[in-house]
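>>> okay, sequence plus prediction incoming.
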Amino acid sequence: MLKDNFLLELTKQYETPFYIYNGNVIEYKYKQLQNAFANCSNFQVNYAMKALSSIAILKLMHQLGSCVDTVSIHEVKLAFLAGFNADEIFFTPNGTPFHEIKEAANLGVNITLDNIIQIEQYAKLNVGNSIAIRINPNIKAGGNKKITVAKKKSKFGLSISKVDKLHKLIKECGLQIHGFHIHLGSDILSIDSFKNSANVLFSIAKQFKNLKFINFGGGFKVKYKSDDDFININEIGLQLTNAFNDFKVSYNNEHLKLIIEPGKFLVSNSGLFLTEVTTIKDRNIFINSGFNHLIRPMYYDAYHHIRNISNTKISTKKYHIVGYICEQDFFGKSRTLNKPHVGDIICIENAGAYSFTMASNYNSRLRPMELLHYNEETKIIRKKECFKDLVQNQIF
Ligand code: LLP
């Protein structure tokens, strides 16, 4: 945990708002995963970089030994820039234009497809690479509707009923399948959901020879507040490993790999977003930011813990912490906050995942700076945008 005094010193050095990530927390979380799956002899983490894709973070993940999950050709290219090799990059597009899939295939990265049309297009490419298939297991799991993605009617994953068609395609086009994949959603607490989805995958995987991996996706729920539930990662590691090891015996392939692809679990708790009080109106505390920088509270009603780190005097008064965007724009409603004054530093927690990566230029606002603190050193890893960034691609 970064100490408040240290954070306050940083705000004297750098203009707020800015994100700061603690690389040692990321490292700790990565090791937690390794420990949880310690009984699996062939285990791999694919970091879901959509959670936080700054190159310095990707380099840290690579250094820790992670592979990477990508969803666009630009994420693929960022991963290469960060030093990942093609075989460490996994591309899991969903409805992505086919030219991106073609480009990724030519770059030699691992590709996972989830619909028949694109599987057929891929087979015709004749690039010779085998692919993995994302399955829709028809399982409801996820913290809210927007992040529940594996129900039957969801746009993600190949429906189980299409597996016959897959067999046909393999025969007709000589397509090779080397893995199966599932991703259920985000903020998942239920271990049973993962176990049930594993069983769906096993029942399909056993019909295919020469598989290299089974990927159980991400979605592990983290803690957002002190009394919050969060997933028991050791328990899930144990249960998935046991089920996987049993399957491996019946599948008779000791090289089969178990992959997971978490985003939030690795980076959410590592990030803080530091902002400043600009003005106060009744119970509304305005800060120098808005949902253009951190949209999760507005978009998902997500809870992010918020603290006034400039005033240590405990108070029980409740406030709304609001932003400067010209719409309803809140970070937290009815929150207990130590009495705020203009200029106080407001720290928003759990700002590592889906915070910077979901930021925009709405209201012609600039995206903020990012800092990485790792092994006692704090470095800028992304400069704040400037006005030129807003206009450079416009034609007057
Ligand atoms: N794999 C796939 C294929 C995914 O689509 C995702 C997330 C992940 C892995 C990683 O899920 P995680 O472990 O981070 O939960 N913006 C939302 C979360 C959306 C996640 C989208 N896909 C939020 O801020 O809650």
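On my side now, so go ahead. Residues are numbered from 1 along each chain as shown.

>>> what's the domain layout of this structure?
Residue ranges for each domain of the chain read 4-20+268-386, 92-262, as given by automatic domain parsing.

>>> residue boundaries of the strands in the stretch 51-200 of the chain?
Using DSSP state E, counting those that start in this stretch, the strands of the stretch 51-200 of the chain run over residues 67-70, 89-91, 110-113, 131-136, 158-159, 177-181.

>>> got a markdown table for those, with distance to the ligand, mean pLDDT and mean neighbour count too?
(Glycine included, C-beta is placed from N, CA and C.) Shown next, in a markdown table, are those (distance: least, CB to the nearest ligand atom, whole Å; pLDDT from 0 to 100; neighbours: other CB atoms under 10 Å):
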| stretch | distance to the ligand | mean pLDDT | mean neighbour count |
| --- | --- | --- | --- |
| strand 67-70 | 5 | 98 | 26 |
| strand 89-91 | 9 | 98 | 27 |
| strand 110-113 | 8 | 97 | 24 |
| strand 131-136 | 7 | 96 | 23 |
| strand 158-159 | 13 | 94 | 19 |
| strand 177-181 | 8 | 97 | 22 |
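
>>> who wins for proximity to I287 among the ones you listed?
strand 67-70 (32.7 Å; CB to CB).

>>> so which elements touch the closest one?
strand 43-48, helix 55-64, helix 73-81, strand 89-91 (3 or more CB pairs under 8 Å, 6 or more residues apart in numbering; DSSP states H and E).

>>> helix or strand: which one has T275?
strand 271-281 (DSSP states H and E).

>>> who wins for proximity to A82 among the strands of the stretch 51-200 of the chain?
Here strand 67-70 is closest among the strands of the stretch 51-200 of the chain (CB to CB), at 7.9 Å.

>>> export the closest one to CSV, keeping only CA atoms.
Taking Å, rounded to 0.1, in the frame of the first residue of the first chain, the C-alpha atoms of strand 67-70 are listed here in CSV:
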residue,chain,number,x,y,z
CYS,A,67,1.4,-14.2,-21.4
VAL,A,68,-1.1,-11.7,-22.7
ASP,A,69,-4.8,-11.8,-23.9
THR,A,70,-5.6,-9.2,-26.6
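
>>> sheet partners, orientation included, of it?
Strand 67-70 pairs in its sheet with strand 43-48 (parallel), strand 89-91 (parallel), by DSSP bridges.

>>> the first one close to the ligand?
Okay, so that is strand 43-48. Yes. Among the residues of strand 43-48, A48 lie within reach of the ligand under CB under 6 Å from any ligand atom.

>>> tell me the buried residues in that strand?
By 16 or more other CB atoms under 10 Å, the buried positions in strand 43-48 come out as F43, Q44, V45, N46, Y47, A48.

>>> so is the helix or strand where G237 lies next to the ligand?
Element membership of G237 [criterion: DSSP H and E] is helix 233-251. No. Counting by CB under 6 Å from any ligand atom, the ligand has no neighbours in helix 233-251; the shortest distance is 11.6 Å.

>>> is whichever helix or strand comes after that helix anywhere near the ligand?
Note on helix 233-251: by DSSP H and E, the next helix or strand toward the C-terminus is strand 257-260. No. Applying CB under 6 Å from any ligand atom, one finds strand 257-260 separated from the ligand by no less than 8.7 Å.

>>> in the helix holding G237, what's buried?
Buried residues in helix 233-251, counted by 16+ other CB under 10 Å: I233, I236, G237, L238, Q239, L240, T241, A243, F244, F247, K248, Y251.

>>> then stretch 314-332?
The neighbour-count check on stretch 314-332 (16+ other CB under 10 Å) flags Y319, H320, I321, V322, G323, Y324, I325, D329, F330, F331, G332 as buried.

>>> quick one: end-to-end distance for it.
Terminal residues of stretch 314-332 are spaced 18 Å apart (CA to CA, to the nearest Å).

>>> which outside residues touch that stretch?
278, 283-294, 297-298, 303-304, 306, 333-340, 346, 348, 362-363, 365 (CB atoms under 8 Å, 6 or more residues apart in numbering).

>>> contact residues of this protein facing the ligand?
By CB under 6 Å from any ligand atom, the residues of the chain that approach the ligand are 48, 50-51, 69, 92, 147, 183, 186, 217-220, 261-265, 296, 300, 353-354.

>>> what about those, which are in helices?
K264, F265, R296, Y300 (DSSP state H).

>>> could I get the full set of helices for the stretch 251-396 of the chain?
With DSSP state H, counting those that start in this stretch as the criterion, the stretch 251-396 of the chain has helices at 264-267, 296-300, 387-391.

>>> TSV for those helices, including mean neighbour count and mean pLDDT?
Conversion of these to TSV gives the following (neighbours: other CB atoms under 10 Å; pLDDT from 0 to 100):
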stretch	mean neighbour count	mean pLDDT
helix 264-267	29	98
helix 296-300	17	97
helix 387-391	10	98
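
>>> if anything else comes up later, I'll come back, but that's it for now.
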